[in-house]
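A.B. asks: Using only what follows, build the 3D model:
(one chain, ligands or ions: 3)
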Amino acid sequence: MSKSRLPSLRVALRGDTILTRPRFNKGTAFTVPERKAFGLTGRLPYRVNSLDEQIDRAWNQLEARETPIRKNTFLQSLKDQNWVLYYALLKKNLRELVPVIYTPTEAEAIANYSHLFRRSEGLYLTFPQQDSMEEDFLEQTKGRDIQLFVCSDAEAILGIGDQGVGGIGISAAKSVIYTLIGGMDPSKSLAVTLDVGTDNEDLLNDSLYVGWPQRRVRGKEYDEFIDKFVQLVRKYHPHSLLHFEDFGVSNAQRLLSRYREAHSVFNDDIQGTGAVTLACIMSAIGVTKSKLSEQRFVIYGAGSAGLGITKQLRDAMVTTDGISEQEANTKFWLLDKFGLIREALDGKGKVRDGLKEFLRKDEEWVDVLETKNKDGDYIGLLDVVKKVKPTVLIGCSTHAGAFTKEVVEAMAAGCDRPIILPLSNPSRLVEVDPKDANDWTHGKALLATGSPFPPAKMPSGKDYIIAECNNALIYPGLGFGSMLAQSRQMSDRMIIAGAQRLASLSPALKDPDDALLPDFGEAPEVNFEVAVAVAEQAIEDGIAGVEWEKEQVRERAKEMMWEPVYRDYVFDVDGEK
Ligand SMILES: NC(=O)c1ccc[n+]([C@@H]2O[C@H](COP(=O)([O-])OP(=O)(O)OC[C@H]3O[C@@H](n4cnc5c(N)ncnc54)[C@H](O)[C@@H]3O)[C@@H](O)[C@H]2O)c1
Ligand SMILES: O=C(O)C[C@H](O)C(=O)O
Ligand SMILES: [Mn+2]
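C.D. replies: Ligands and ions are numbered 1, 2, ... in the order given. Here you go, the predicted model:
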C-alpha cells in the first residue's frame, strides 16, 4: 500500500515521548513540519532521511555484526526503537532475516534470555502475583483493540525444553511473524509469558535469572492460574484470537480441548504444525501420484507436534479419501521414548491418553520380539521401518540424528520415493541432515525440515531445495483469516481449508524435483491466500462474526493488512497515544 493512500494520523505525543515510542517513532524520517509540530527540531540531527535510507543504514549496522545472535540482539533493539523501520528492514530481507529473529536463532536468544536482557516487552504474568493479574492485564490492554494474544508457559520451547520466563521470546517472535508474514497490525497483538516457575536447574541456579526462581507449579493451582488469564482474555477481548505456544505435552492438548468451544483458541504446535505438515504431505503425494490413505506413516516423537500431525493427517484422510476414522488410524505407527506405541506399553502406563487411538497390536510384533533377548521388548525405529516399509517418516522427537543411515536406507529399500520430514527445531536437533538423507537415498527422498537448510545436490548435479515445513508458513494466515472473519472458533474445517490452499501453491506441483512447499521469501503472499481460504470457510460454515459475504473476503483482507510504511502525523491532543 502506498503512503499516499493512508490518511494522516493524529498523534497526541510530543518530544521525547514520541521518540521513545516504537509504534510512532520515525527517527530521522520525521519531516520538517512534523519536527516543528512535535517539538523535535532540536532533538534530531538536521538531515531528513527516507525510510529506504534508514533501511540501508540499519542493514549496514546489522551486517557488521558477525554472529546470528548478535544480529538478533541488534534487531531486538531496533524493534524497541522503531516498528516501521524494523518491519520494513525485515520485509526487504525476509529470507535472510527470518532465521535471525525466529527459528533457529531465537532459540539461542531464549536460552540466554536473562543474560541478554536489556528491556522488557509484552505482558509478564507471574504465579505469585496472581492477585493483581486483572490489574496488570488491564494496565497494558485497557483502551487497546487487541485482536491477538500469543502466550507461552515455556515448558517445551522448540526442542530445547523448559526455558522459564525466557518464553516471552517465543511469544514475541511468533507475534512478529504474524505481522511480517500475516499482515497483522503489531499494535493489535500482545505477547504474554505465563511464568509458573521452571524445572530447569541451570535457570534455578543462575543468579541472573529474571523469572520467578521456583519449581513449576502443576495440577489444580496451575489450571486455576491459566484459567484466570483465559477468562480475562474472554471478558475484555471476546473476539480476539488466543494463540498457545510451546506448552508442555501434558498441558497442550488438554488446554486446547478445554477452551476450544468457548473462544477462538489455537495451539500452534498441534494445529499449526498439523496444518503445514498436511500441506507438505499433500504436495509430496502429488509427486508420488498416490492417495493419503495409501501411505504408511511412521511418526517419531509423539508429543504435541507428533500427535497434532497424526490427527490432522488422519482427519484429512477421512475427508478426502472417504475411509472410516478407525481404518485411517491403522495407517499410523507412532514411536516415543519407549519405542513403538503398542498395547504392552499401555499396560505399563506408558501411553498418554491422546495416543490410545493409535496403539498397535502386540500380536503384529511377535516376530520382531522373538529376535530380541528375553527382557528386551523395546521396538525401535529401525525395527518399525524394516517391518512396516513406511512411505512417510516424520520426526518431531527433539532426538538429533535419530534417522540414521540404516533407517534412511531401510526406508528407501521399502518404497520408491520415501517422504522424510525431520521437523525438530532448532537446526542442531534435526533427526537427519537433509543433505545426508538425500545422499543416502541417491536423490530419491522427498524432503522437508523444520528449520532452514541449504539445498542438497541431486545425482544430476541439480540443487534440490529443502522446503521449510515450519508452522510459520501457515499459522499467520490461519490467524489472520480467523481474525478477518471474526470467527468465534478456529475450526478444523478452517484449518484444512488453509492447508489445502497452501498445498495448491507448492512448487513441486509444477516440477516434481522442486521444493515441497513455497519458499519462505514468498510467505507473505502465500499466507494471504491461506487467510482468504480460512475466512471464506468460516463464512461458509456460519461461524464468522462479520456481516459481509464470502466474495468480499479478498478485498477486506487487503484493507486489513498492516504495512511498514510511515504515515504523515499531525499533532492533536485528542489523537492516538
Ligand atoms: N517444524 C515445525 O513447525 C515444528 C512444530 C512444532 C514442533 N516442532 C519440533 O518438534 C519437536 C517436538 O516438539 P513438541 O512441541 O511436539 O514437543 P513435545 O515435548 O510435546 O514432544 C516431544 C516428544 O518427543 C518424545 N521424545 C523425546 N526423546 C525421544 C526419543 N529419543 N525417541 C522418541 N521420542 C522421543 C517425547 O517423549 C515427547 O513425547 C521440537 O524439536 C520442536 O521444535 C517443529
Ligand atoms: O517455533 C518454531 O520454529 C516451530 C515450532 O513452533 C516449534 O516449536 O519448533
Ligand atoms: Mn512451537
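A.B. asks: In the stretch 301-450 of the chain, which residue sits closest to ligand 2?
C.D. replies: Residue nearest to ligand 2 within the stretch 301-450 of the chain (C-beta to the nearest ligand atom): N425, separated by 3.8 Å. Every residue, glycine included, has its C-beta placed from N, CA and C.
A.B. asks: check contacts around the one residue in the stretch 451-577 of the chain that gets nearest to ligand 3.
C.D. replies: Of all residues in the stretch 451-577 of the chain, N471 sits closest to ligand 3, at 6.9 Å by C-beta to the ion. N471 is in contact with 268-269, 272-273, 275-276, counting by C-beta atoms under 8 Å, 6 or more residues apart in numbering.
A.B. asks: Out of those residues, list just those in strands.
C.D. replies: Judged by DSSP state E, strands contain none of the contacts of N471.
A.B. asks: Take the residues you listed and lay them out in JSON lines including neighbour count, pLDDT and distance to ligand 3.
C.D. replies: Listed next are those as JSON lines, based on neighbours: other C-beta atoms under 10 Å; pLDDT from 0 to 100; distance: C-beta to the ion, whole Å:
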{"residue": "D268", "neighbour count": "29", "pLDDT": "98", "distance to ligand 3": "6"}
{"residue": "D269", "neighbour count": "26", "pLDDT": "98", "distance to ligand 3": "4"}
{"residue": "G272", "neighbour count": "28", "pLDDT": "98", "distance to ligand 3": "8"}
{"residue": "T273", "neighbour count": "27", "pLDDT": "98", "distance to ligand 3": "8"}
{"residue": "A275", "neighbour count": "33", "pLDDT": "98", "distance to ligand 3": "13"}
{"residue": "V276", "neighbour count": "32", "pLDDT": "98", "distance to ligand 3": "12"}
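A.B. asks: near ligand 2 too, which of the residues you listed?
C.D. replies: 268-269 (C-beta under 6 Å from any ligand atom).
A.B. asks: what separates the residue of the stretch 451-577 of the chain closest to ligand 3 from I341, distance-wise?
C.D. replies: Distance of N471 to I341, given as C-beta to C-beta, to the nearest Å: 23 Å.
A.B. asks: Skipping adjacent residues, who's closest to the residue of the stretch 451-577 of the chain closest to ligand 3 in space?
C.D. replies: Spatial nearest neighbour of N471, chain neighbours left out: G272 (3.3 Å); criterion: C-beta to C-beta, 6 or more residues apart in numbering.
A.B. asks: how close does the one you found sit to D511?
C.D. replies: Relative to D511, G272 is positioned 27 Å away (C-beta to C-beta).
A.B. asks: secondary structure element for the closest residue to L502 other than its chain neighbours?
C.D. replies: Among residues not flanking L502 along the chain, A279 sits closest, at 4.0 Å (C-beta to C-beta, 6+ apart). Per DSSP states H and E: A279 is located in helix 273-288.
A.B. asks: Point out the residues in this protein that sit beside ligand 1.
C.D. replies: Residues of the chain lying near ligand 1 (C-beta under 6 Å from any ligand atom): 156, 158-159, 249, 269, 273, 276, 300-306, 335-337, 396-399, 423-425, 429, 450, 469-471.
A.B. asks: Out of those residues, which end up buried?
C.D. replies: Listed as buried from the residues of the chain next to ligand 1 are 156, 158-159, 249, 269, 273, 276, 300-306, 335-336, 396-399, 423-425, 429, 450, 469-471; burial here means 16 or more other C-beta atoms under 10 Å.
A.B. asks: for this structure, which spans come out with low pLDDT?
C.D. replies: 1-5, 374-375 (pLDDT under 70).
A.B. asks: And the residue of it closest to ligand 1?
C.D. replies: For the chain, C-beta to the nearest ligand atom, closest residue to ligand 1: G303, 1.7 Å.
A.B. asks: mind listing the helices for the stretch 51-200 of the chain?
C.D. replies: 51-63, 68-81, 83-92, 94-101, 105-111, 113-116, 133-141, 168-180 (DSSP state H, counting those that start in this stretch).
A.B. asks: The stretch 351-500 of the chain too?
C.D. replies: Using DSSP H, counting those that start in this stretch, helices in the stretch 351-500 of the chain cover 366-370, 381-388, 405-414, 434-440, 475-484, 492-504.
A.B. asks: contacts for the shortest one?
C.D. replies: Read it as helix 366-370. Contacts for helix 366-370 (C-beta under 8 Å, 6+ apart): 377, 379, 383, 387.
A.B. asks: Of these - the most surrounded one?
C.D. replies: Counting neighbours by other C-beta atoms under 10 Å, I379 comes out on top of those with 24 neighbours.
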